[in-house]
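Novice: Sharing a sequence plus its predicted fold:
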Amino acid sequence: MLLQIPEVLNTAQIAECRKVLGQVEWADGRITAGYQSAQVKHNLQLPEDHPAARRLGDIILAALEKNPLFMSAALPLKVFPPLFNCYREGQGFGAHIDNAIRQVKGTPHRVRTDVSATLFLSNPDEYDGGELVVEDTYGSHGIKLPAGSMILYPAGSVHHVTAITRGERLAAFFWVQSMVKSDEERSLLFNLDTAIQSIARELPQHAAGVQLTGLYHNLLRCWGDA
Ligand code: NI
């Protein structure tokens, strides 16, 4: 499932990220790439253990915890600490699939990457090119969102970032290990949850609301890990 999550960060949080990222020293993006993706990755990245990455990452993690759409769609068990990248003119990232398991640097913790997330920190009018293109069974989807908004996509998808022809594109990216590993099952739960919320709003007294909520939790019990 491809899902846009609008306004994950507010204006002040976006400004803080932009201010900090405007002052950092970027490293070569290949520091976190696997063998195949290193061949096609041309961008800049903040080292995982950079204090700025940790500080801004914590702002994003706190915002995600309060975002009901993210919680419902991703059903997060673990979230990889957000990383930050910068694409400048001529830079892009060719077709690849993200590594399945990632170790959190300097810790014994590993995260299985079920859901990939890109949180845009530049506005679309600040750069040309730089589209995130995700492929699924319906074809290729080009994604470019306002600063502060985020796209979720299945981490098993082939994707690429088209070359920048003007300006600079800043983004945060990270992965989620979901309580529900299967994208298909997670999508079914998300659709059910969305329908339950709509019934709760429009028919708050209806007994079916209790039954459907029970069904949701019993499916989560079948499919989920904690
Ligand atoms: Ni990727």
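Specialist: Happy to help now that I have it. Numbers count the residues shown, from 1 in each chain.

Novice: quick one: least confident helix or strand in the protein?
Specialist: In the chain, no helix or strand scores lower on mean pLDDT, DSSP states H and E than helix 35-40, which sits at a mean of 88.

Novice: Quick check: next helix or strand after that one?
Specialist: Next in sequence after helix 35-40, counting helices and strands by DSSP states H and E, comes strand 41-42.

Novice: Parallel or antiparallel, which strands does that next one pair with?
Specialist: In the sheet, strand 41-42 lines up against strand 92-96 (antiparallel) (DSSP bridges).

Novice: which parts of the partner strand are buried?
Specialist: Judged by neighbour count (16 or more other Cβ atoms under 10 Å), strand 92-96 contains these buried residues: 92-93, 96. Where you see a C-beta, it was placed from the backbone N, CA and C, and this is true even at glycine.

Novice: could you redo these as a markdown table and give each row pLDDT and distance to residue 54?
Specialist: Supplementary listing: the buried residues of strand 92-96 in a markdown table, determined by pLDDT from 0 to 100; distance: Cβ to Cβ, whole Å:
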| residue | pLDDT | distance to residue 54 |
| --- | --- | --- |
| 92 | 96 | 27 |
| 93 | 96 | 23 |
| 96 | 95 | 26 |
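
Novice: now, which of those sits nearest residue 57?
Specialist: Distance to residue 57 across those (Cβ to Cβ) is lowest for residue 93, with 20.3 Å.

Novice: For the closest one, give me its contacts.
Specialist: 29, 37, 40-43, 87, 160-161 (Cβ atoms under 8 Å, 6 or more residues apart in numbering).

Novice: quick one: secondary structure of the most centrally placed residue in the chain?
Specialist: Nearest to the mean C-alpha position of the chain, by Cα atoms, centre = their mean, lies residue 117 at 1.2 Å. Put simply, residue 117 is strand when judged by DSSP: H, G, I helix; E, B strand; the rest coil.

Novice: Enumerate the beta-bridge partners assigned to it.
Specialist: Going by DSSP bridges, residue 117 forms beta bridges with residue 152, residue 174.
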